[in-house]
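Asker: Give me a 3D structure for the following:
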Amino acid sequence: MEERLLALLRLALKYNATDIHFTMRYQEVSIEMRIDGLCRKVKGRFEDYKLLRYLQYLANLDVGNIMTPKTGQFEMEVDGNLLSLRFAIISKLNFTNGVLRILNSKLKIDADNLSHISSQNAYFKSLVNKNCGLIIFSGPTGSGKTTTLYSLLKSVKGRKIYSIEDPIEVYHDEFIQLQVNEAIGFDYAQGVKQILRHDPDIIMIGEIRDEKAAKMAVVAANTGHLVLTSIHTSRAAGCISRMCELGVNEEHLFENLLCVSNQRMMITRKSHQKVVLYEIMNRKELEYYRLKRHNSESFISIDMQVMKGIESGIFAPEAY
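Answerer: Just a heads-up that it's a prediction; the model follows:
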């Protein structure tokens, strides 16, 4: 099983996969890898059903209580590279699903190359040099939100950067990174409270998932810090709706918001290059949305160059 797992991880690294999915019905296992946001099937073997138990062993999970969802982490060396891995598993009668996420893959992109539109890169870099405010990145799984966050933070010099994450996906020597541990009550809200006591310049909250994290992000920005975070929504304007659903005061949110962005990974038709498209709402557009929000929920501000690119066939929509 160790050799089989190593072979799968080598394949995942070769194609820059972020996750390996295992689905078992009875004793038949199908394996998929998430590459560029899409799940690609991998040729399986009969004995692959043993991988699920082996991964639970490596992640130090209780294999006796199979009906309870479980998550664990472990490290594994693959051809000289030490990988940090997270394994999550859920089971029900005659069905098991497991996801192995590769966490600390190296950044292969910098802030000057986030977008194919140079003005967007310059705009993002200007944001992370602000003294305070809230910047929210959104998009589906595999769209590169973590890469965007870390690439921007990596471009910052001479400032104290703290992060609170669940899990830490990219380790960086120049940041102080805290790992959420709900088993001991150390959640996003508690993490932000602790970080604020250390006089940070920039705070990165890995992902907003609940009411406490959403409110603490706004509180931190309101106390004179620059806060970067991510959230799962299908469009930029949805960030605002989602934050309000999580109990954030709308007035306080708009007072602190510098930008909300939604991103998609796409592939050019001609050169088959991967590009990330950003739908961006800056301060001016956020204010316009605020005025129109209760009259028109259909407002979307998307870069016209991106729309023209899709309409002219430069980009392949099926790569979403």
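Asker: hey, where'd the strands end up in the chain?
Answerer: All strands of the chain, identified by DSSP state E, fall at 19-25, 28-35, 38-42, 70-78, 81-92, 95-102, 133-138, 161-165, 176-179, 202-205, 226-231, 257-268, 274-281, 315-316.
Asker: Nearest to R290, out of the ones you listed?
Answerer: strand 257-268 (9.2 Å; C-beta to C-beta). All C-beta spots, glycine's among them, are computed from the backbone N, C-alpha and C.
Asker: returning to what we had before: redo the strands of the chain as JSON lines? Include distance to L58 and mean neighbour count.
Answerer: Listed next are the strands of the chain as JSON lines, based on distance: least, C-beta to C-beta, whole Å; neighbours: other C-beta atoms under 10 Å:
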{"stretch": "strand 19-25", "distance to L58": "13", "mean neighbour count": "19"}
{"stretch": "strand 28-35", "distance to L58": "17", "mean neighbour count": "18"}
{"stretch": "strand 38-42", "distance to L58": "19", "mean neighbour count": "14"}
{"stretch": "strand 70-78", "distance to L58": "5", "mean neighbour count": "15"}
{"stretch": "strand 81-92", "distance to L58": "7", "mean neighbour count": "17"}
{"stretch": "strand 95-102", "distance to L58": "10", "mean neighbour count": "19"}
{"stretch": "strand 133-138", "distance to L58": "31", "mean neighbour count": "24"}
{"stretch": "strand 161-165", "distance to L58": "21", "mean neighbour count": "23"}
{"stretch": "strand 176-179", "distance to L58": "18", "mean neighbour count": "16"}
{"stretch": "strand 202-205", "distance to L58": "28", "mean neighbour count": "25"}
{"stretch": "strand 226-231", "distance to L58": "28", "mean neighbour count": "25"}
{"stretch": "strand 257-268", "distance to L58": "29", "mean neighbour count": "22"}
{"stretch": "strand 274-281", "distance to L58": "31", "mean neighbour count": "21"}
{"stretch": "strand 315-316", "distance to L58": "37", "mean neighbour count": "17"}
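Asker: Ends of stretch 245-257, what's the gap?
Answerer: End-to-end distance for stretch 245-257: 16 Å, by C-alpha to C-alpha, to the nearest Å.
Asker: And the contacts of that stretch?
Answerer: 132-136, 208, 210-211, 213-215, 218, 221-222, 227, 240, 243-244, 283, 286-287, 290 (C-beta atoms under 8 Å, 6 or more residues apart in numbering).
Asker: No more questions from me, cheers.
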